[in-house]
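S.K.: got a structure for you, letters missing:
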């Protein structure tokens with residue numbers, strides 16, 4: 001590696017690195033950061049953090065009703081989820097289609113039953 005040191009007041013103050021060398025250093029740094037991120041994610045999964053199948057992530061990011069996606073992913077019908085939290089299946093359907101907005105209490109019950117955060121349903 002060919003470096004040029006620039007002094008200021010008799011002390012090394014700057015190092016000039018050829019662009020190709022700089023690009024190589026940055027690529028290695030980014031790779032190390034990616035590896036560290038992957039290791040943190042693996043540790044989180046080993047510690048019990050839930051992962052979602054790609055299909056579910058795609059549905060959630062496509063604009064589909066998050067409540068419907070989570071309900072179906074957890075294996076609930078409209079009727080069974082409604083019964084679990086004490087509201088009608090019509091009420092759950094209206095929430096899923098955006099025709100109704102749940103109270104915080106109802107949203108909290110839905111999230112608890114579906115095993116997700118309230119923010120995941122909004």
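M.R.: Received it, and whenever you're ready, just let me know what you need. What you see is a predicted model; the values in this text were computed from it and never measured. Numbers count the residues shown, from 1 in each chain.
S.K.: Could you use CA atoms for every contact and neighbour count after this?
M.R.: OK.
S.K.: give me the number of residues near residue 114?
M.R.: The criterion is other CA atoms under 10 Å. On that basis, residue 114 has 20 neighbouring residues.
S.K.: do the same with residue 6
M.R.: Each residue near residue 6 was counted by other CA under 10 Å, and the total is 12.
S.K.: residues touching the residue nearest to it when sequence neighbours are not counted, list them.
M.R.: Leaving aside its chain neighbours, residue 6 sits nearest to residue 14 (5.0 Å; criterion: CA to CA, 6 or more residues apart in numbering). By CA atoms under 8 Å, 6 or more residues apart in numbering, the residues touching residue 14 are 5, 6, 7.
S.K.: Can you tell me the SS state at residue 14?
M.R.: strand (DSSP: H, G, I helix; E, B strand; the rest coil).
S.K.: That one and residue 5: what is the separation?
M.R.: Using CA to CA, to the nearest Å, residue 14 is found at 6 Å from residue 5.
S.K.: quick one: the strands in this protein?
M.R.: 4-8, 11-16 (DSSP state E).
S.K.: got TSV for those, with distance to residue 63 too?
M.R.: Converted to TSV, those look like this (distance: least, CA to CA, whole Å):
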stretch	distance to residue 63
strand 4-8	53
strand 11-16	49
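S.K.: Tabulate these (JSON lines), appending mean pLDDT and distance to residue 26.
M.R.: Below are the strands of the chain laid out as JSON lines (pLDDT from 0 to 100; distance: least, CA to CA, whole Å):
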{"stretch": "strand 4-8", "mean pLDDT": "94", "distance to residue 26": "18"}
{"stretch": "strand 11-16", "mean pLDDT": "95", "distance to residue 26": "15"}
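S.K.: can you tell which of those strands is closest to residue 99?
M.R.: Relative to residue 99, the nearest member of the strands of the chain by CA to CA is strand 11-16, separated by 61.9 Å.
S.K.: ok, the closest one: who's next to it in the sheet?
M.R.: strand 4-8 (antiparallel) (DSSP bridges).
S.K.: Now tell me what touches the partner strand from outside.
M.R.: Contacts of strand 4-8 with the rest of the structure, by CA under 8 Å, 6+ apart, involve 12, 13, 14, 15, 16, 17.
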